[in-house]
Structures are given as structure tokens and as C-alpha cells.
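# Got a predicted structure here, sequence first:
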Amino acid sequence: MWDDSKGTGSGRGESFANGRAANFARQHLTKTITYKERPMIKIDAIHMREIQLELAHPFETSFGRTMARRILLVEIESEGLSAWGECVAGEHPSFSEETIDTAWLMTETELAPRLLEAEIAGGGDCPRIFRQVRGHRMAKAALENAVWDLAAQREGVSLAKMLGGTREMIPCGVSIGIQPSVEVLLDTVAKELAAGYQRIKLKCRPGWDTEIFEAVRQRWPEIVLSCDANSAYRMKDFEHIAAWDEFRLLMVEQPLWYDDFYFHSMLQKRMETSICLDESIRNRRDALAAIDMESCRIINIKVGRVGGFSEAIAVHNAAAERGVPVWCGGMLETGIGRAHNIALSSLPNFSLPGDVSASSRYWVRDVIDPPVTVSGKGEIPVPTGVGSGVEVDTKRIESLTVRRASMRAHAAVSA
Ligand code: OSB
Ligand code: MG
């Protein structure tokens, strides 16, 4: 019961697509092999870049407004293959303690050097390699996820399959930021519903809550609706939040402190609507504690927040065994992180629509080509090609790069 599969599905047997990854798999793998027997991965280099990219629309939460993003991308080069990872840390330590600058420092001075020296067969080895670095989960996740992507390419399978995914389509919702007025919000909701999204999540905070739930519910009594407070409320607000039961929200996400279970559990006892935790869940143990204390009945999994795919799978499995549904959160990712979120969302217990939506909601032009699109039914097909199944637009990334560093085994070069 306490033993979680790490999701290292061996999934072989489908036809290989063309390309370097498929060739690699063909040359190196001739029979079905288990995880332990996989040949070691030789990492030749780790490249770090900071790109700067303006959002198509500013995004406002209870902790602030984002107009443009500074994003750390990592690329792992290995025996002719290349795999990317995205660090979801923001510019400021508002969602969590990490920022792009702390992640840059940790990646360059602690994490990448450890990874370059390590013996690894797959992404599942990364938590062990990074164990002596406490915290910095978003920095760790960027590298670990790239290793999973690389391992999938080496095996000639999709990343989703490598992670143990089973869904062919993922259901999509949207997260709608705080808007200048209720009228603008209603127009935005109407637009997203027309695009087919299956669940609308409204960012809220004191002063932007009951009134907007009322307005949206009045116009759309039956849609699947939720809200996310990003820790904007305190104990004095318990009555106020419990009164939202009348709006039949699917969930209230992270209403209280970002690091709390106990007071969320007190609040959950006083309301019918399910609480969903986001910020508070850093790993599987947190998920077990929160479920056991009834601090929440739903869990938002963000692969960056929990430190990488291994821990995300562990949280997913722990929740599944206890009948707690999960969904995949978003952090305003580019197509690289988005593709990883899609692969993760293909796991069976991702049964609620996630905050994984079309590239065009975030970027005028994404860093993958083609961008991620969503069907009129609010679904994204899970790519079946090798690796993450998306094409990284390296020329575009080059043109957006403002800082870079490269590390090779036994030699570090910074520029
Ligand atoms: O709490 O889910 C959150 C964006 C930045 C920081 C925190 C959150 C969010 C979102 C955006 O809700 C989700 C998305 O990527 O669409
Ligand atoms: Mg959230």
C-alpha cells in the first residue's frame, strides 16, 4: 500500500517514427528490456538559457500581475540526441520561494554538475542524484524532466508512455486571471467556453470573489466552475469562504497560507465544497498528510512544484490509492513545459480538467512549432511520437535568449 510504482513503464513495441531518436533506439535496443538493464545514459553537455517572452495577455493573481516571463530552459545533449526541460520558477518568489535567479544559480553550481558526474539510466534516478540539495524543486524538475524526455527518445517511445500514461486525450480547463471589471471577466469566460474548455477557474482574492461567482453563475448556472485564491485568505474569512457553497464550485483552490495543512483542514470541515491544494503539496508525504487530515479532497499536481516527474507520479499514485482525484496545474509555460504537462496528464488519475490550454492563450508565438492547440471539445491529444512529441523551434529560442551557460563533463564554460 505504501509502495508506489515510479511509473517507469517499459512500453515497447509500437512503430518507430523517423528521426534521430528512433534511429538511436533501433541501433541500441533489440529486445524488450527492463529499467534496470537499460544502458547508462552518457550526458555530453547541459546547456542553460534564459529566454524572455512577453505574454499575449497580462496574467493577474492575488499575488501580482505578470506581463512578461523570464524563463530558464535547460537542454541535455547526449549521444546525438537533445532533450529540453523548462523551469517554471517565476521572476519573484511569490508563488514559492524559488525564482529564475535562484534556479539558475542552483542549476549551474549544484544540480548540473551532479548530473554530469552521475551514473543514470533514466529520469527515475534524478531524485537520488539531487538528494543532497534541499528544496529548489523547480530547478531540479527542469533537469529531471529533460532526462525523462531523453530516456523516452532513447527507447523510441513517447514521454507519456514512459511515464505510465494511459489516456489518448486530456480534458482541458482554463485559469482566468483577475480582470479589470466584471464585464471584461464575463466576456473572457464567454470566449473560453466558446473555444470548448471544459472547466473555468477564476482567480480570486478579497474584493474579487463573491460578486464574480454570482455574476458567472447567474449567466452560466451549469458550467464546471472553480476558483483559486493563491493563499489570499485568513482564518477571519472562514464564514465568508464557507458561504461560497451556494455557487456549487467544483473546488476552492489554496484559499489559506501557502504552507498550511492544519487550517485548511479546519476550513474543509466547515464547508461542503471541496478544497484543492496547490502550493502546500511539495511531495508525496505532503499529499498523504493532507489527505489523511482532510485538508483537501482534490490535489493540483504541478511537476515543477513537486520537483520532477518521479515525485509527480508518486503524488499521483498516492492520491489514486486513496480515491482522491488530481489534475495538472499550469505555470504559464512555453510549449516545452506544456508538452511535459500533457504527457503527465495522460496518467489515469488525472481525471479532472487541468490548467493545460492552448499555446495561443499565452504566447503570440510559442517556442515549439507547431504550437499546442485544443479541440472544440476542450481536449488535447497526447502526442504519440518519440519523446515529448513536439518540435522545439531552436531558431526562435536563440533569438529570445538573453543569458546562457554550458557545462560539459569535466569542463565548465560560461558565457
Ligand atoms: O496557482 O495555478 C496557479 C499561474 C502562475 C502561478 C500560479 C498559478 C498560475 C495559474 C496559471 O493558475 C495556470 C496556467 O498556466 O494557465
Ligand atoms: Mg493554484
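The structure has been received and is ready for your questions. Ligands and ions are numbered 1, 2, ... in the order given.

# The residue in the stretch 151-300 of the chain that ligand 1 sits nearest to: how many residues sit nearby?
Distance from ligand 1 to each residue of the stretch 151-300 of the chain (CB to the nearest ligand atom) is smallest for Ser175, at 3.6 Å. C-beta here means a position set from N, CA and C on the backbone, and glycine is covered the same way. By other CB atoms under 10 Å, 23 other residues sit near Ser175.

# Surely it is within a helix?
No. Read with DSSP: H, G, I helix; E, B strand; the rest coil, Ser175 is strand and lies in no helix.

# so how far is Lys236 from it?
As for Ser175, its distance to Lys236 is 26 Å (criterion: CB to CB, to the nearest Å).

# in the stretch 1-150 of the chain, which spans are strands?
Under the criterion DSSP state E, counting those that start in this stretch, strands of the stretch 1-150 of the chain are mapped to 45-61, 64-78, 81-87.

# which residues touch the residue of the stretch 201-350 of the chain found nearest ligand 2?
Closest approach between the stretch 201-350 of the chain and ligand 2, counting by CB to the ion: Asp278, at 3.6 Å. Counting by CB atoms under 8 Å, 6 or more residues apart in numbering, Asp278 makes contact with Asp228, Asn230, Glu253, Gln254, Asn300, Lys302, Arg305, Gly329.

# could you redo the last one with a cut-off of 10 Å?
95, 228-231, 253-254, 258, 296, 298-302, 305, 329, 355 (CB atoms under 10 Å, 6 or more residues apart in numbering).

# Where strands are concerned, which of those residues count?
Members of the contacts of Asp278 lying in strands (criterion: DSSP state E): Asp228, Glu253, Ile298, Ile299, Asn300, Ile301.

# tell me the contacts of the third one?
So the one you mean is Ile298. 226, 250-253, 274-278, 319, 324-327, 351-352 are the contacts of Ile298 under CB under 10 Å, 6+ apart.

# again, but for the fourth one
The contact partners of Ile299, taken as CB under 10 Å, 6+ apart, are 276-278, 280-281, 286-287, 290-291, 315-316, 318-319, 324-327, 329, 349, 352.

# how far does the helix ranked longest in the chain sit from the chain's center?
Longest helix in the chain, counting residues (DSSP state H): helix 137-155. On the basis of CA atoms, centre = their mean, to the nearest Å, helix 137-155 sits 13 Å off its chain's mean C-alpha point.

# what angle separates that helix from strand 45-61?
Interaxial angle of helix 137-155 relative to strand 45-61 (axes from the mean of the first three to the mean of the last three CA atoms, to 10 degrees): 130 degrees.

# re the thing from before, from the ones in strands among the contacts of Asp278, which is closest to Gln132?
When the ones in strands among the contacts of Asp278 are compared for distance to Gln132 (CB to CB), Ile301 wins out at 24.8 Å.

# For the closest one, list the residues it contacts.
278, 281, 287, 311-313, 315-316, 319, 326-329, 341, 344-345, 347, 349-350, 354.
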